[in-house]
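Visitor: just the structure for this:
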Amino acid sequence: MQINPANLAPDKKTIFHALASTLALLLLAGCGGSGGSSSVSASGSSTPQTEDAVVAAPTSTALAENKAPEAFQFGNFKTVAVVLDADRLAGLSMSDNYVLKASDGADNVYRLSSFRVGDSTSFSFSLPTSSAALIVEIFSVSEGGQVFTEEFLL
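Guide: Numbers count the residues shown, from 1 in each chain. Now for the predicted structure:
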């Protein structure tokens, strides 16, 4: 009986799966570093690297525990205070439920919240410095309800 070497070779599918599994293991092993910023000196001891510009990563995602520094400023945003026309708002029905929507001309929405007639008519928004206008809409959630729209040029 003769042995045919072609019959001993694994098929292409088996080779592909073996290579893919090996590659996946290598990637996992390569990405699983210590995560620290330390280096090993020639003597074999670990010495931490210090960088003054790097802030330690937060240990929590809670907003109350991750406050911005006191001197921090958002240079790409500006604070805009607007006051809605109270006389026009007085025409809205007191019994309807309303939604307040603040957006710019490019349909970027900056606030979407409930609104009751008689609530405060002054609002403060944090908008990109490139914004040229703010459109405030107050509309009823009931079908055919009233709509209030006011545009502010910035």
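
Visitor: neighbouring contacts of stretch 73-83?
Guide: 121-129, 131, 134, 136, 152, 154 (Cβ atoms under 8 Å, 6 or more residues apart in numbering). Just so you know, the C-beta spots here come from the backbone N, C-alpha and C atoms, and that holds for glycine as well.

Visitor: ok, 6 Å please
Guide: The contact list for stretch 73-83 (Cβ atoms under 6 Å, 6 or more residues apart in numbering) reads 121, 122, 123, 124, 125, 126, 127, 129, 152.

Visitor: residue 63 versus the fifth one, what's the distance?
Guide: Read it as residue 125. Distance, residue 125 to residue 63, by Cβ to Cβ, to the nearest Å: 19 Å.

Visitor: compare those two (neighbour count), which wins?
Guide: residue 125 (19 against 7; other Cβ atoms under 10 Å).

Visitor: just to be sure, that one is in a helix?
Guide: No: Residue 125 is assigned strand when assessed by DSSP: H, G, I helix; E, B strand; the rest coil, not a helix.

Visitor: what sits against it?
Guide: Taking Cβ under 6 Å, 6+ apart, we find residue 125 in contact with 80, 102, 110.

Visitor: among the contacts of stretch 73-83, which ones are buried?
Guide: Buried subset of the contacts of stretch 73-83 (neighbour count, 16 or more other Cβ atoms under 10 Å): 123, 125, 127.

Visitor: output the residues you listed as a markdown table; include the columns pLDDT.
Guide: Converted to a markdown table, the buried ones among the contacts of stretch 73-83 look like this (pLDDT from 0 to 100):
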| residue | pLDDT |
| --- | --- |
| 123 | 91 |
| 125 | 90 |
| 127 | 89 |
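
Visitor: between those, which sits nearest residue 22?
Guide: residue 127 (52.2 Å; Cβ to Cβ).

Visitor: so, low pLDDT: which residues of this structure?
Guide: By pLDDT under 70, the low-scoring segments of the chain are 1-11, 16-17, 19, 23-55.

Visitor: now do the phi/psi pair for the nearest residue to residue 131 once chain neighbours are set aside.
Guide: Using Cβ to Cβ, 6 or more residues apart in numbering and skipping the chain neighbours, the partner closest in space to residue 131 is residue 104 (5.1 Å). The phi and psi values for residue 104, taken as degrees, to the nearest 10, are phi -110, psi -180.
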